[in-house]
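A.B. asks: Sequence and predicted structure are below.
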Amino acid sequence: MLPAMFSQGIAMNTHDSGRQNTTAPWNKGKVVGQKAPLKLKDIWAIRVRLQMQHRTRELALLNLGLDSKLRGCDLVALRVRDVCHGDAIASRAIVVQHKTGNPVQFEITAAARDAVGAWIKMAGLRGDDYLFKSRTRTSPHLGTRQYARIVHGWVEEIGLEGHAYGTHSMRRTKATLIYRKTKNLRAVQLLLGHTKLESTVRYLGIEVEDALDIAEQTEI
């Protein structure tokens, strides 16, 4: 005969097991894994829509997000002084990454400079102000969740599946295009601020693609 405590333990485990089996998986109905980078035609579709609708703040967020290749937490925390030299938008900037504590540099192209300059002027921002202020009282600047919702909105507006893309799509887009054009992993590593080259390889998801390219070019 089993001890009473042991019997109770079995009963509890059986009950818990049954309860666990009825719990839906956390990722049910969700797209998990790496988010896809945007294609050039997608970028222009979003950009033109934002321009035509005079969504100045979002256009600045889009262009700077693509150029900077920053993680969402670093992008939303940018201050005006991080991207400005006096009254002019800088062509290059440097910020310290929140995740690693290491500095990373990025370029600001003409399109991004124009968009950011227009937003700063429209919003009346000063040097110490956050570039993308929050519209709620819970945070002084745009939150990463709100940034993610904005990105999902962009891709859904042009007919793409919102959950297949995210803020890391913004970070990966230009890095992926640079790699495909140059095959220079070291350059992409520096631009993304990765400490290890292996991280860049995994982030871009290039092993299989490159292997197939080599195979296709090898005749026997």
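C.D. replies: Noted; the coordinates are in hand. Numbering: from 1, shown residues only.

A.B. asks: Now do residue 165 against residue 115, distance only.
C.D. replies: 20 Å (CB to CB, to the nearest Å). Every residue, glycine included, has its C-beta placed from N, CA and C.

A.B. asks: sorry, that was for residue 42
C.D. replies: Counting by CB to CB, the gap from residue 42 to residue 115 is 17 Å.

A.B. asks: These two: which has the busier surroundings?
C.D. replies: Set residue 42 next to residue 115 and count neighbours by other CB atoms under 10 Å: residue 115 wins out with 26 against 19.

A.B. asks: Going by secondary structure, that one is in what exactly?
C.D. replies: For residue 115, the host element (DSSP states H and E) is helix 110-123.

A.B. asks: got the buried residues for the helix or strand just after that helix?
C.D. replies: Following helix 110-123 in sequence order, the next helix or strand is helix 144-157 (DSSP H and E). Going by neighbour count (16 or more other CB atoms under 10 Å), the buried part of helix 144-157 is 144, 146, 147, 148, 150, 151, 152, 154, 155.

A.B. asks: tell me what helix 144-157 is packed against?
C.D. replies: helix 40-52, helix 56-68, helix 72-75, helix 167-182 (3 or more CB pairs under 8 Å, 6 or more residues apart in numbering; DSSP states H and E).

A.B. asks: Quick one: classify residue 104 as helix, strand or coil.
C.D. replies: With DSSP: H, G, I helix; E, B strand; the rest coil as the basis, residue 104 sits in strand.

A.B. asks: tell me the pLDDT at the residue nearest to it when sequence neighbours are not counted?
C.D. replies: Residue nearest to residue 104 in three dimensions, not counting chain neighbours: residue 193, with 3.4 Å by CB to CB, 6 or more residues apart in numbering. Note for residue 193: predicted pLDDT of 87.

A.B. asks: my guess is residue 193 contacts residue 101, does it?
C.D. replies: No - checked against CB atoms under 8 Å, the pair residue 193 and residue 101 is beyond contact range at 10.4 Å.

A.B. asks: Looking at the two, which one has more neighbours?
C.D. replies: Comparing residue 193 with residue 101 by other CB under 10 Å, the one with more neighbours is residue 193, at 22 against 7.
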